[in-house]
Structures are given as structure tokens and as C-alpha cells.
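**Student:** sharing a model that was predicted from the sequence below.
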Amino acid sequence: MSPLPMEAIPVLPNVGNCCLWQVHKIANGDRTVQPVPGNICLAAPTQRGALTIRFTDMISAGLPCDQRPDLIPNGSDLTANGVIIRRGDGLANFTGMFTITSPANVVLFHGRIELMERVATHHPPFGAEVCNLENHVEGWLVGNGGPGLANYCLRALYVASVLPVPGKPAGLRGSLDGIIVEIPVEIP
């Protein structure tokens with residue numbers, strides 16, 4: 001039996017009509033790590049810890065890449081909590097849960113998030129980044145709409161630069177890019 005439990009994410013319906021909207025938000029934020037003492041890997045210094053990420057005051061990047069800015073209005077926040085496993089050189093994996101709330105503190109979307117640090121995707125042949133870019137985070141999130149958006153699903157990429165601040169939570173500057181899927185309610 002595998003020591004890795006399976007976790008469910010929202011699955012889009014196999015039949016029926018769906019609408020797609022591109023989403024593109026930019027934001028600043030921070031992250032706080034609470035490391036657990038000890039080294040979990042003998043081959044390289046590696047730690048586990050609790051991680052909280054915040055993208056605050058998300059702002060629409062406008063058309064054509066943010067086609068429904070009303071679904072995640074300006075001023076919305078993303079908060080994620082989970083577990084990070086981080087090697088001494090900065091290579092890391094984070095898994096957790098996220099919530100996006102409106103400026104009125106209403107849950108817009110919630111679900112799973114997975115991020116990798118020091119893994120870049122725009123290296124040759126697609127770009128000029130190095131494959132192990134320092135202070136770089138990439139990953140994805142998939143979630144369901146909250147009470148007012150129950151027939152919506154968010155599937156997005158999360159990209160951020162980590163801005164280290166000695167003695168304080170590290171700053172973040174990045175974007176959320178993806179698709180919001182609307183599953184219209186079918187009326188017979």
C-alpha cells in the first residue's frame with residue numbers, strides 16, 4: 001500500500017455545456033514558515049514545516065487576460081495553509097488548502113493548492129530562465145466556487161517571486177493565471 005493518500009479535486013462534468021473565462025490577477029503578499037525541528041533526509045539538509053501564504057489585494061490585469069474581473073473582484077485575497085518540505089538549497093514542495101475571499105470577506109473559491117520552489121518552466125527551449133531559479137515559486141490550484149459561485153470552478157497557475165526579508169515573513173510578488181469554468185444550471 002502506498003504511503004501517499006489520494007485527495008480529490010473538483011472534476012469537471014463529462015457531459016453538458018460549460019463556459020470558460022480566462023483569469024489574470026496580480027498581487028503582493030507574504031509567506032510565513034513554522035519549521036519543525038530536525039532533518040528528515042540524510043542525503044541533504046531537509047526540513048518540514050507549516051506554511052501560510054497570503055496574496056493580498058489582488059488586482060485585475062484587465063482584458064484580454066482577465067475576462068470576468070467581477071468573479072474575483074479587485075481587492076480580493078488568497079490565503080493558503082499547508083505543509084512545506086524544503087531542502088537547504090531552497091528546493092521545496094508545498095501542498096495545502098486555499099481560500100479566495102472578496103473585499104467583503106465572502107468566500108469566492110476554495111480548494112487544493114500545490115507549489116514548487118526553485119523549479120522554473122520557462123527555460124530552454126521555451127525561454128531563458130534557469131531550471132532552478134532562486135526565490136521562484138510555481139504551481140497550481142483547483143477549487144470550487146463559494147456559496148454565491150457554486151456552479152463555478154477555478155483552475156489556475158500560481159507564479160511568484162519570493163522577496164526575502166531577514167527576521168520577517170518573506171514577501172511575495174506574483175500572479176494567478178488560469179480559467180474559471182462556469183457549469184450552467186440546466187433547466188429541463
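**Tutor:** Great, that's in hand.

**Student:** scan this protein for its longest strand.
**Tutor:** strand 19-36 (DSSP state E).

**Student:** chain center to it, what's the gap?
**Tutor:** 5 Å (C-alpha atoms, centre = their mean, to the nearest Å).

**Student:** and if you look at stretch 117-134?
**Tutor:** Its chain's C-alpha centre and that of stretch 117-134 lie 18 Å apart, by C-alpha atoms, centre = their mean.

**Student:** in that stretch, what counts as buried?
**Tutor:** 117-120, 133 (16 or more other C-beta atoms under 10 Å). Every residue, glycine included, has its C-beta placed from N, CA and C.

**Student:** ok, stretch 95-105 next?
**Tutor:** 95-96, 98-102.

**Student:** ditto for stretch 62-69
**Tutor:** 66-67, 69.

**Student:** tell me which of these is nearest to residue 146?
**Tutor:** residue 69 (16.9 Å; C-beta to C-beta).

**Student:** ok, back up a step: output the buried residues of stretch 62-69 as a markdown table; include the columns pLDDT.
**Tutor:** Formatted as a markdown table, the buried residues of stretch 62-69 follow (pLDDT from 0 to 100):
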| residue | pLDDT |
| --- | --- |
| 66 | 96 |
| 67 | 96 |
| 69 | 95 |
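
**Student:** now, among those residues, which is nearest to residue 184?
**Tutor:** When the buried residues of stretch 62-69 are compared for distance to residue 184 (C-beta to C-beta), residue 67 comes out closest, at 16.5 Å.
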